[in-house]
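J.: Let's see this in three dimensions:
(chains A and B)
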Amino acid sequence: MQNRYYQPEAETMPVNEIKKLQEYKLIRQVRYVYEHVEYYRKLMDEKGVKPEDIKCLEDISKLPFLCKDDLREAYPYGMLATDLNNCVRIHSTSGTTGKRVVAFYTQNDVDMWEDCCARAIVAAGGDENDVVQVAYGYGLFTGGAGLHGGSHKVGCLTLPMGSGNTNRQIQFMMDLNATILCCTPSYAAYIGESLKEKGYAPGYNSLKAGIFGAEPWTEEMRRDIENSLGIKAFDIYGLTESSGPGVAFECCEQNGMHINEDHFYAEIIDPDTGEVLPEGSKGELVFTSLDKEAFPLLRYRTRDITVLTREKCSCGRTFIKMKKPMGRSDDMMIIRGVNVFPSQIEAVLLNLGYPPNYQILVDRVNNTDTFEIHVEMLPEDFSDTPKVITKKEKKIQAAMKEMLGINPTIRLAAPKSIARSEGKAVRVIDNRKKIGINV
Amino acid sequence: MAIKQLSIFVENREGTLVTVTDAIAKAGVDIRALSVADTNDFGIFRLIVTDIDKAKKALDEADAFVSITEVVGVALEDKPGALAKVVKILADHNINIEYMYAFITVSKQFAYVVLRVTDNAETESILEANGIQLVTEEDMKQL
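T.: As a prediction, this is how the structure comes out:
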């Protein structure tokens, strides 16, 4: 297949030119932020950094970091860099982990964001002949609006389904011959499961690709979705804070996401010391917007743990690649002193042939952490005696122990008894937080 | 010859049993015998019913998790020593009983025992050869 790009001049730009462009834009964006955002000016002043100290890309390490708490503190207008008159849109984070963060967009910001999403759709094989089913949530959430706008830019026929109402999703998918599905990976898995239940075999329809993001997912889950829907599944990355999905997107190689470097500068830092790490190191991803007008962010700490690599990619894109995040450092649980990521648990379950429907329950009883994983059993796990089930539970427990180093309690539940998500899946219920334990 | 038994997975939560019993009631199916195997987290309900296909369909529709197991049914005279005799025959032939449950009917002439073993056919022929009366699915419906 011939490589196609939405904006080839940017996506295949020689690396030295990308760096030159980034340098020019960084200097300009720092000056712009210093002049227009009082909150960040104060942070720079406290650190004793002036815009004129930023002369090249490496100088970025002199700048202070921003983290989610800064954005919460600055709520609602503290980080706004332009007049509200110039803004045309607001989006917001889900606010599940605390106060909401609202992000503002000028028309140029929206265009830049939609261009990024359009690049993702073309990289997934999309063109004007495609029918794109957007099953991300619309509204304040960025998923729906981002892919919707990108789909328009590419000239695809756009089905603005929103999330939920799975029967209707399937009916539209079939009747209107959708070719590209955009939603969260957990919802894609659910749609795949529903299709199977209705008796459709993979390949029954015209669907060829999916663009899935907004929550961490594993390679095992990718295989699962690809098999159940009969498609190629592409990852997409973004944060409401940085605009939305499309900051980085996957190409046909499916081994990492190209970061849109003409609009964002990415760094990997040591999450404990804040020190910038060399390319290829694992650490926390930090983003700097390079040409945002309403809500520019300098050195925003994403909490996502990943690796950046700039190897030559067969797709012809020159943008640096980020590996699938291991999970946000926010998602990481410390249970009995051990670091546990939900993605590790998911990988174990999928490897054992279990569906990606599970729930992790953590609590503290008598000063000891309790750690339970609820898993939906397979029909063949069940017979008429409890010992067959407890044996399966032991088997899962042993595999978890091997992966995590600690023993969870496994509880097999009836198939389809764990609530399905149509948006972001609720995988972890950590009751320790409720009782005020800092974890 | 063996009798079909419904095995239903029931999580240890409020209301789960209501769903199961309601579904069977609404299907108009009678329960002939029942036993429960339980752990801390879940129970398995084992039922012998008058119309297994109807009951299974109703349970599936109620999203209950059900499997069908074949078991051996035995009719005994309702008097002391009748069960001991059956158990001894099986022990003598090295037949291991995984679980069993019994019930009596209003006629009080017979007691019925449901046996879960590994090899139904072998167990049945041993019992028959020793003069023990077996019960068929048809018999269960007539009770």
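J.: B:Ile89 touches B:Ile132, doesn't it?
T.: Yes - with contacts counted by CB atoms under 8 Å, B:Ile89 reaches B:Ile132, the gap being 7.0 Å. Just so you know, the C-beta spots here come from the backbone N, C-alpha and C atoms, and that holds for glycine as well.
J.: tell me which strands and helices the longest strand belonging to chain B is in contact with?
T.: Ranked by residue count and defined by DSSP state E, the top strand of chain B is strand B:65-77. Counting contacts by 3 or more CB pairs under 8 Å, 6 or more residues apart in numbering or on different chains; DSSP states H and E, strand B:65-77 is packed against strand B:3-11, strand B:42-49, helix B:52-61, helix B:82-92, strand B:110-116, helix B:120-129, strand B:133-135, helix B:137-142.
J.: Give me the number of neighbouring residues for the closest residue to A:Pro76 other than its chain neighbours.
T.: Excluding the flanking residues, the one nearest A:Pro76 by CB to CB, 6 or more residues apart in numbering or on different chains is A:Val102, at 5.3 Å. A:Val102 has 21 neighbours, counted by other CB atoms under 10 Å in any protein chain shown.
J.: ok, back up a step: got the angle between the longest strand of chain B and strand B:42-49?
T.: Put simply, strand B:65-77 runs at 50 degrees to strand B:42-49, going by axes from the mean of the first three to the mean of the last three CA atoms, to 10 degrees.
J.: which parts of strand B:65-77 are buried?
T.: B:Phe65, B:Val66, B:Ser67, B:Thr69, B:Val71, B:Val72, B:Gly73, B:Val74, B:Ala75, B:Leu76 (16 or more other CB atoms under 10 Å in any protein chain shown).
J.: Starting from it, tell me which strands it pairs with and how they run.
T.: strand B:3-11 (antiparallel), strand B:110-116 (antiparallel), strand B:133-135 (antiparallel) (DSSP bridges).
J.: and the helix or strand that comes right after the longest one, what other elements does it pack with?
T.: Proceeding C-terminally, strand B:3-11 gives way to helix B:16-26 as the next helix or strand, assigned by DSSP states H and E. In this structure, helix B:16-26 packs against strand B:3-11, strand B:42-49, helix B:52-61, with contacts taken as 3+ CB pairs under 8 Å, 6+ apart.
J.: could the ones you listed go into JSON lines alongside mean neighbour count?
T.: JSON lines is the format used below for those (neighbours: other CB atoms under 10 Å in any protein chain shown):
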{"stretch": "strand B:3-11", "mean neighbour count": "22"}
{"stretch": "strand B:42-49", "mean neighbour count": "22"}
{"stretch": "helix B:52-61", "mean neighbour count": "17"}
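J.: Kindly reformat those as TSV containing mean pLDDT.
T.: TSV is the format used below for these (pLDDT from 0 to 100):
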stretch	mean pLDDT
strand B:3-11	92
strand B:42-49	92
helix B:52-61	93
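J.: Save these as CSV, and put in distance to A:Tyr204 too.
T.: Below are those laid out as CSV (distance: least, CB to CB, whole Å):
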stretch, distance to A:Tyr204
strand B:3-11, 31
strand B:42-49, 36
helix B:52-61, 24
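J.: A:Glu73 is nearest to which of these?
T.: Minimum separation from A:Glu73 across the helices and strands packed on helix B:16-26 (CB to CB) falls at strand B:3-11, 43.9 Å.
J.: quick one, that closest one and helix B:52-61 angle?
T.: Angle, strand B:3-11 to helix B:52-61, by the same axes, to 10 degrees: 20 degrees.
J.: Show residues contacting strand B:3-11.
T.: Contact partners of strand B:3-11, identified using CB atoms under 8 Å, 6 or more residues apart in numbering or on different chains, comprise A:382-384, A:413-414, A:417, B:16-17, B:20, B:41-49, B:52, B:55-56, B:59, B:64-73, B:114, B:116, B:135-137, B:140.
J.: Stretch A:198-206 now?
T.: Contacts to stretch A:198-206, defined as CB under 8 Å, 6+ apart, come from residues A:Val131, A:Ile170, A:Met173, A:Met174, A:Asn177, A:Ala178, A:Thr179, A:Leu195, A:Asn227, A:Ser228, A:Leu229, A:Gly230.
J.: From these, list just the buried residues.
T.: Buried members of the contacts of stretch A:198-206, counted by 16+ other CB under 10 Å: A:Val131, A:Ile170, A:Met173, A:Met174, A:Ala178, A:Thr179, A:Leu195, A:Ser228, A:Leu229, A:Gly230.
J.: And these, which two are furthest apart?
T.: Farthest-apart pair in the buried ones among the contacts of stretch A:198-206 is A:Val131 and A:Ser228; separation 19.8 Å (CB to CB).
J.: Can you list phi and psi of A:Thr409 for me?
T.: Main-chain torsions, A:Thr409, degrees, to the nearest 10: phi -90, psi 130.
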